[in-house]
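Asker: no sequence on this one, just coordinates:
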């Protein structure tokens, strides 16, 4: 009787105004409006039933008179519900989740729903119990997404099919599609935010999505809803054994702050950037380096020198810092470090603009490889012609000799010297 009174009071306390909470929660787990309402109603009215079952169980365990008879009669009266008591099965499922019974299947879908809801509600409370409940709830959510992925065979879907699936169905179906997109390296901020909104930033599902995206786009992976990037976590990822520069996509590479951290952490240099460059990310790399070099003005910094060298290697010209003095210092530093790889994209206008500085600082020992490695034949001729006429410094004189005497270089010029004419043979009388 006491437990019956409690059940009635609990039902009254919940009231109609809180019924919508059950409907909304059920709607998150099914796209069928009618089924959602049924689940919500069943969940709502099952609360007092479960309380009564708890009371009967306690009464029976304490050998209270009449308890055995009540339980027996209720069991007989409930035979029409699938041959066993629906309420009892629901309570058992609820209790199974509560006690986290090992290896037992939950009794029915409603019991599972109530168990998950119990863990979700308990999870908001601090302490060991709340934490364990939250973890069980998150594990159940993650398992459901994995089940959807298996059921729909997302691994064998096309990208277009996955994108279509990601905007239909319930949140678990959408998450299954978005996780597969992330696995294939094509999920973007939109997909990440969808999972974030559906499951929350602390959920296992969101963390799985984030971990997949950070392998190829750390800037997106650690970007919040406010648009701000958590650069501390980006740096941690760069320094982890999970970071692979070859996998980083254009979105992160075009971000100058991301590039700056790469140089800060000695994760890149001109050579490594050249190795990852391809037709898909070339513009992003050039854009990120150009923006970063324009802000790198510390003439005493080896990092800033490395940035300007990497930018020159990708762009083929010096980046303007807004200061002529700084520009000249970095030009001298870059030109003295040029080799076949870092000079191959040099432009004709760069040669004309910096001819004297090139002759003064390019290493004579590297000059031949530099000229032969230039992609643009016009720029190669422009450079070698200028060096054939270089003078004024010991370095310029040394390059002049190489440019004029090396058999592989002396013909690479805009002003070829005429070959000596052959004298006609004279007949002897």
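Answerer: Perfect, thanks for sending it. No experiment lies behind these values; they were computed from the predicted model shown. Numbering: from 1, shown residues only.
Asker: gap between residue 255 and residue 304?
Answerer: Counting by C-beta to C-beta, to the nearest Å, the gap between residue 255 and residue 304 amounts to 18 Å. To be clear about C-beta, it is placed using only N, CA and C from the backbone, and glycine gets the same treatment.
Asker: my guess is residue 223 meets residue 188, correct?
Answerer: No: using C-beta atoms under 8 Å, residue 223 makes no contact with residue 188, being 10.5 Å away.
Asker: ok, those two, which is more surrounded?
Answerer: residue 223 (18 against 15; other C-beta atoms under 10 Å).
Asker: So for the more buried one, what pLDDT did the model give?
Answerer: Each residue has a pLDDT score; the one for residue 223 is 98.
Asker: For it, which non-adjacent residue is spatially closest?
Answerer: In space, and not counting its chain neighbours, residue 223 is closest to residue 229: 4.9 Å by C-beta to C-beta, 6 or more residues apart in numbering.
Asker: Next: residue 410.
Answerer: Excluding the flanking residues, the one nearest residue 410 by C-beta to C-beta, 6+ apart is residue 404, at 5.7 Å.
Asker: What's the separation between that neighbour and residue 363?
Answerer: Distance of residue 404 to residue 363, given as C-beta to C-beta: 17 Å.
Asker: can you check residue 159 too?
Answerer: Distance of residue 159 to residue 363, computed by C-beta to C-beta: 49 Å.
Asker: domain ranges for this protein?
Answerer: Following the assignment in automatic domain parsing, the chain carries domains at 2-122, 141-227, 234-337, 338-415.
Asker: quick one: the helices in the stretch 101-250 of the chain?
Answerer: 109-122, 128-152, 159-165, 171-183, 189-199, 204-214, 218-221, 231-238, 250-253 (DSSP state H, counting those that start in this stretch).
Asker: now those helices as a markdown table including mean neighbour count?
Answerer: Formatted as a markdown table, these follow (neighbours: other C-beta atoms under 10 Å):
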| stretch | mean neighbour count |
| --- | --- |
| helix 109-122 | 20 |
| helix 128-152 | 17 |
| helix 159-165 | 15 |
| helix 171-183 | 24 |
| helix 189-199 | 18 |
| helix 204-214 | 21 |
| helix 218-221 | 24 |
| helix 231-238 | 16 |
| helix 250-253 | 21 |
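Asker: Return the residues in contact with residue 198.
Answerer: Residue 198 makes contact with 171, 174-175, 205, according to C-beta atoms under 8 Å, 6 or more residues apart in numbering.
Asker: what do you get for residue 239?
Answerer: 265, 267.
Asker: go again using 10 Å as the cut-off
Answerer: Residue 239 sits next to 261, 265-267 when contact means C-beta atoms under 10 Å, 6 or more residues apart in numbering.
Asker: Pipe those into CSV and attach secondary structure per row.
Answerer: Shown next, in CSV, are these (DSSP: H, G, I helix; E, B strand; the rest coil):
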residue, secondary structure
261, helix
265, coil
266, coil
267, coil
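Asker: biggest separation within the residues you listed, which pair?
Answerer: Farthest-apart pair in the contacts of residue 239 is 261 and 266; separation 10.6 Å (C-beta to C-beta).
Asker: Check what pLDDT residue 20 gets.
Answerer: 60.
Asker: ok, now residue 415?
Answerer: At residue 415, the pLDDT recorded in the model is 77.
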